[in-house]
Every structure is written in C-alpha cells, then in structure tokens.
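Colleague: heads up, no residue letters with this:
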C-alpha cells in the first residue's frame, strides 16, 4: 500500500511539473490581447478577403473607362483582275479608328456596383476579424478551464494523500481500517483518471491555439479564465446590431443588386460608335493629277426595338436577384437578433448562477466538509460520509469553474455581436 501511495504521488508530481513548468518562451508569455492581435495578423482568411476587396476596387476604376479604340487597316475596292492599287479610281488603302461608347450610364453604374461589392468585402473582412478574436477567446477560455480544473483535482488529490498517510499510520498502530485504505486508493486513482481526461482535453485546445497562433502558441499560458470587457447595457448593445459587419456586407450586396437593375435597364438604350477613316489613293486621274485621298466619318448605333425577350427579361432577372439579396439581408438580421437575445439571456443567467454558487453553494459545501471532517475525527460519521462530502465539494468547485467559463464564452459571443472598444 505504501508503494502504491508513492507511485500515485509520483504521478501527481509529474503531472504538476508537466502542467506548471515554464517552457522556453515563458519569459515572453503572450497575453490574451496579444494572442488576439497575432491571430488576426496571421489569419489567411482576413488577408484573402482584403485582397478581394482591393481587386474589386481596382476593377471599379477599369469599369469607368471607355473601351479601347479599334484600329482599322486594309485595302478597299481592290480590283480582283489585277490587284493593282492605281488602276481604279476608288481603290484606296484605308486607315481608320473606331471608338465604341457603351449604353447610357453603363460605365458609371458598373463602377458604382463594383465599388459597392468592394465595400461589402471590406465589411466581411471586419466580420472575419471578429470571428477570429471570438475563436481565440473561446479557445483561451477552454484551455484555462482545463488548467484550473487540473489544479482543483490536484488539490483534492493532495488531501487524499494526507488522508492516506494518516490512515496508514493509524492502521499501523492498530487503530485504522483496511477498507478505508482501499477506498482512498480507489478515489485517488479515479482522480488521476479525471486528470488524464482533462489533460487530453488540454492537448485538444493546445492544438487549436497552435492553429491560430502558429509557432508562438507555446508562449500562450491560459492559466486562468480571463475577464473580458463587459458588454454595454442591453438597449445600447441592441442598437449596435444594425452595424454588425455581416449585415453591412449584405446591405452592400443588396445595394449592388439595385445597381444591377439599373444596368439591365440601360440595355434598352443604344450602343454608340464613332468611326473615322482616311483612304490613300494612288495613281493619276484623267487630267494627269494625283488622285485625292478620302476622309470618312460615321456615327452608328444599335436599335433595341424588340425588348420583350431580351432587355425586359434581363431587367426581370436583375430585379429577382435584388429581391434575393434583400431577403437574405432580412434573414441575416433575424439571425443576428436571435443570437444576441440568446447570448444576452445566457450571460445574465450565468452571472446569477455564479453569484448563487459563490455566495451560497460553495460556502455551504465548505462548511459541510469541515463539519464532516470534524465528525469523522471524533468517530461520529462513517468514512463513506466523509468521502461523499469531499466529492461534493469537488463537484461544487468544478461546476462553479464551468459556470465561469460559460459566462466568459457568452460574453465573448456578445462582444462579437456588438463590437467593442479596447
């Protein structure tokens, strides 16, 4: 039995060393705020969305420009019997330039639509930043929960070790009970299993931290559940929801849909083209003079006079796309509002439950343990009652810790929804 106790103690000490020994980066441990900034800076999603917005901004400038002019070059009225350039009066070498002008306000509308889509992407980049911060906070909170839970288990293990030493000494002097030693060993082993299970969870959250922080994840040390900035009062918080980045992005998409309808309407207006050319003629006329060159200028445009199955259909299709964007916006507004109400309710209920545990449940559990220990020392209660009281205290502490973690998670969700100033 003594060997078993020493072996278990060694396991506990190893666990403490693994959990608490600082690594090489401990001197430069990351704070949560630093971890958030690092994760946002290295997130490929944010960078990709920003690059897409930049691409759209560049495309908007191009959309405003006229099409490239067209150069025309060739021979006109060339006789096929001789292919001579100076036999016939109308034979000429033609050089021309054509400039097409898009319909109506097509260029400006395209530019405005593309700029609006670029603004939507910028809003999505901001939403991605919020999502990254929320994910890092959630991971940090869960990893801190594991660290604190392991500390609570080790504290309980330490008490069982003390109880085991006392029981062994009493048993050696003939005053102890052998079944109590077996029960202590069993409870100690169960606690060791709990700790190993928590370490397994800890490795999962360590991997998640490495996902966000990369090589610097080793410098993160979430040893305690963080105190996040409190959300604003509910009425003020609810007022900020309209400015949530996902809603801003969807509103910009709906606005781009309106420009799409206007663009479709421009299809009922004509395309214009200005064409100028210069014809070089060779040879001489009947009077012996050089043949004069020709200059030509033309203005052309198409005639959309049958719009039923082309222009009108495009307008209807664009209007349907606009209505789709508006429906998605309304749906997203409902989702954000529902998420806010749920997170706000959770945050308040968890706060009340924490106060209940801190002010009533935990003090009662501590008082019960102290009374049971005193009664056991005086041989008033059985050993099983002592173990039940200790396990009840352990359960109370773990439940309070979980409540604090859940409260921090709900606060992180509220801050994602309402934004924050730090």
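Modeller: That came through, no problem. None of these values were measured; they are calculated from a predicted model.
Colleague: okay, now the unreliable bits of this protein?
Modeller: Applying pLDDT under 70 to the chain flags residues 1-28, 170-177, 285, 287, 421-422.
Colleague: tell me which residue is most central in it.
Modeller: residue 131 (3.1 Å; C-alpha atoms, centre = their mean).
Colleague: so residue 295 touches residue 275, yeah?
Modeller: No - under the criterion of C-beta atoms under 8 Å, residue 295 is not in contact with residue 275, lying 11.8 Å apart. For glycine as for every other residue, the C-beta is placed from the backbone atoms N, C-alpha and C.
Colleague: quick one: which of these two has more around it?
Modeller: Taking neighbours as other C-beta atoms under 10 Å, residue 295 and residue 275 compare with residue 275 leading, 16 against 9.
Colleague: does residue 238 touch residue 340 like I think?
Modeller: Yes - applying C-beta under 8 Å as the test, residue 238 and residue 340 come out as touching, 6.7 Å apart.
Colleague: what helix or strand does the closest residue to residue 407 other than its chain neighbours sit in?
Modeller: Here the nearest residue to residue 407 in space, its sequence neighbours aside, is residue 350; by C-beta to C-beta, 6 or more residues apart in numbering that works out to 4.0 Å. If you go by DSSP states H and E, residue 350 is part of helix 311-356.
Colleague: what does the next helix or strand after that helix contact?
Modeller: Tracing the chain past helix 311-356, the next element assigned as helix or strand by DSSP H and E is helix 362-377. In this structure, residues lying in contact with helix 362-377 by C-beta atoms under 8 Å, 6 or more residues apart in numbering are 381-383, 385-386, 389-390, 392-393, 396-397, 400.
Colleague: what angle do helix 362-377 and helix 311-356 make?
Modeller: 40 degrees (axes from the mean of the first three to the mean of the last three C-alpha atoms, to 10 degrees).
Colleague: endpoints of stretch 355-369, how far apart?
Modeller: According to C-alpha to C-alpha, to the nearest Å, stretch 355-369 extends 21 Å from its N-terminal end residue to its C-terminal end residue.
Colleague: and that stretch, what's buried?
Modeller: With burial defined by 16 or more other C-beta atoms under 10 Å, the residues of stretch 355-369 counted as buried are 357, 362, 365, 368-369.
Colleague: can you list the strands that whatever helix or strand residue 276 lives in pairs with?
Modeller: Secondary structure from DSSP H and E places residue 276 in strand 272-280. With DSSP bridges as the criterion, the sheet partners recorded for strand 272-280 are strand 92-101 (antiparallel), strand 294-301 (antiparallel).
Colleague: residue contacts, the residue nearest to residue 407?
Modeller: By C-beta under 8 Å, 6+ apart, the contact list for residue 350 reads 403, 406-407, 410.
Colleague: out of everything not next to it in sequence, what's closest to residue 78?
Modeller: Residue nearest to residue 78 in three dimensions, not counting chain neighbours: residue 91, with 5.6 Å by C-beta to C-beta, 6+ apart.
Colleague: make sure the one you found is actually in contact with residue 84.
Modeller: Yes - using C-beta under 8 Å, residue 91 and residue 84 qualify as a contacting pair, with a distance of 7.4 Å.
Colleague: which one's more surrounded, these two?
Modeller: Between residue 91 and residue 84, counting by other C-beta under 10 Å, residue 91 is the more crowded of the two (22 against 12).
Colleague: and the host helix or strand of residue 414, what other elements does it pack with?
Modeller: When elements are assigned from DSSP H and E, residue 414 belongs to helix 383-418. Where contact means 3 or more C-beta pairs under 8 Å, 6 or more residues apart in numbering; DSSP states H and E, helix 383-418 is packed against helix 106-172, helix 178-213, helix 234-240, helix 311-356, helix 362-377.
Colleague: return the most buried member of those helices.
Modeller: Highest mean neighbour count among the helices and strands packed on helix 383-418 (mean count of other C-beta atoms under 10 Å): helix 106-172, with a mean of 20.
Colleague: chain center to it, what's the gap?
Modeller: Here the centre of mass of C-alpha atoms in helix 106-172, compared against the chain's by C-alpha atoms, centre = their mean, to the nearest Å, lies 14 Å away.
Colleague: relative to residue 100, which of the helices and strands packed on helix 383-418 is closest?
Modeller: Closest to residue 100 of these, according to C-beta to C-beta: helix 106-172, at 11.2 Å.
Colleague: what about residue 310, distance to residue 268?
Modeller: When C-beta to C-beta, to the nearest Å is the yardstick, residue 310 and residue 268 sit 9 Å from each other.
Colleague: what touches both of those two?
Modeller: Shared between the contact lists of residue 310 and residue 268 (criterion: C-beta under 8 Å, 6+ apart) are residues residue 304.
Colleague: between the two, who's got more neighbours?
Modeller: For residue 310 against residue 268, the residue with the higher neighbour count under other C-beta under 10 Å is residue 268, and the figures read 16 against 12.
Colleague: what about the residue lying closest to that one once chain neighbours are set aside, distance to residue 325?
Modeller: Spatial nearest neighbour of residue 268, excluding adjacent residues (C-beta to C-beta, 6+ apart): residue 311 at 4.7 Å. When distances are taken as C-beta to C-beta, residue 311 and residue 325 turn out to be 22 Å apart.
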